[in-house]
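K.L.:
whatever this is, show me its structure:
(one chain, ligands or ions: 1)
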Amino acid sequence: MADTSRVLKAVVPAAGLGTRFLPATKATPKEMLPVVDKPAIQYVVEEAVDAGLSDVLMITGRSKRSIEDHFDRAYELEEALRAKGDDERLNAVHESSDLAVMHYVRQGEPRGLGHAVHCARQHVGNEPFAVLLGDDMIDARDKLLHRMIEVRDRHGGSVIALMEVEPDQVSSYGCAAIEATDEDDVVRVSDLVEKPSAEEAPSNWIIIGRYICDPAVFDVLEKTPPGRGGEIQLTDALRTLADTPAGQGGGVYGVKFRGRRYDTGNKLEYLRTVVQFASERPDLAPEFMPWLRQFVREHDASNGVGGPGQP
Ligand code: G1P
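P.N.:
Just a heads-up that it's a prediction; the model follows:
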């Protein structure tokens, strides 16, 4: 019998060092880097809230205080905006503090994603919960988390989000061995490998940063030894759960995601994300897009791209 407790809480690991964005992330958490004018982490919290999860636990670490400040009230700033009668900006400031019920716990030592998730145990208790990784942003129009919660409600166990990639990209992700079910976008996960080599990879379906975990994951994480990179891996704990009977909180399903995902964890993808988001903003796009077109044209012309015989 599937455990029918509802998913109500979201866990957002945000304790990473963000070394890929140094020096920007020396004193600023990578989660606070803006995508246009909102920090990346706010989009992630908005996604959780949109899926009905307004209780959000963030796993933070040293130098992450500004994340807490961002989701808190900012009285001095609010007063200054109020005095100026700037309601639009005042609303923007309120948006993040009114969004969700935020909780924080620190991951004392950087021992991996699995360890970070285990830090949520006391807050989450014996309920299924969602995990949202900040580096992956899912387009607000693509209701991935809703779908994952629906699958968990029906099947119990844990649910991961999967995306198909070129085989040469598999080694950067967790990768799943999958079996079809009678639903086109739902698979059974029979095995998982964290960052496999191309030869080890059981498929080219990778885990993107959205999970619904059965609370049984906590006991498993406690016994999971350090894996890839010497860190305690959530993927390894889910691998154990894939092999555990449903009556003991086991069973792992995958939802195949074919929508829009933005990977803000590396510089190139981050830049693409900012440009894409700006191109859809009614307040920016009318000026930004003509500028972008002209910029590319002039850039290409001065670099000899696009001339006769050129691509
Ligand atoms: C983590 C997970 C990995 C997953 C990835 C998604 O890796 O360990 O299984 O595929 O997130 O972004 P990280 O990117 O933290 O190394």
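K.L.:
who does the residue in the stretch 51-200 of the chain that the ligand sits nearest to bridge with?
P.N.:
Nearest residue of the stretch 51-200 of the chain to the ligand, counting by CB to the nearest ligand atom: Gly174, 2.4 Å away. Using the backbone N, CA and C atoms, a C-beta is placed for each residue, glycine as well. Judged by DSSP bridges, the bridge partners of Gly174 are Glu194.
K.L.:
use 7 as the first number for this chain going forward.
P.N.:
Got it, the first residue is 7 from now on, which makes the last one we talked about Gly180.
K.L.:
what about it, how many residues nearby?
P.N.:
Gly180: 26 surrounding residues under other CB atoms under 10 Å.
K.L.:
report pLDDT for it.
P.N.:
Listed pLDDT for Gly180 reads 96.
K.L.:
quick one: the helices in this structure?
P.N.:
Using DSSP state H, the helices of the chain run over residues 46-56, 71-76, 81-90, 93-103, 119-124, 127-130, 150-161, 222-229, 240-248, 273-285, 291-308.
K.L.:
now for the ones you listed, which one comes closest to Pro202?
P.N.:
Nearest to Pro202 among the helices of the chain is helix 240-248 (10.0 Å), distances taken as CB to CB.
K.L.:
helix 222-229 and the closest one, what's the angle between them?
P.N.:
120 degrees (axes from the mean of the first three to the mean of the last three CA atoms, to 10 degrees).
K.L.:
packing partners for helix 240-248?
P.N.:
Packing contacts for helix 240-248, counted by 3 or more CB pairs under 8 Å, 6 or more residues apart in numbering; DSSP states H and E, involve helix 119-124, strand 164-170, strand 192-200, strand 211-219, helix 222-229, strand 258-262.
K.L.:
lowest-pLDDT helix or strand in this structure?
P.N.:
Across the helices and strands of the chain, mean pLDDT, DSSP states H and E gives its lowest value to helix 93-103, namely a mean of 90.
K.L.:
tell me which residues in that helix are buried?
P.N.:
Leu96, Val99, Ser102 (16 or more other CB atoms under 10 Å).
K.L.:
show residues contacting that helix.
P.N.:
The contact list for helix 93-103 (CB atoms under 8 Å, 6 or more residues apart in numbering) reads Asp43, Gln48, Val51, His76, Phe77, Asp78, Arg79, Ala80, Leu83, Glu84, Leu87, Arg88.
K.L.:
so the second one is in contact with Ile73, correct?
P.N.:
Same thing as Gln48. No: the pair Gln48 / Ile73 is not scored as a contact, 9.7 Å apart, by CB atoms under 8 Å.
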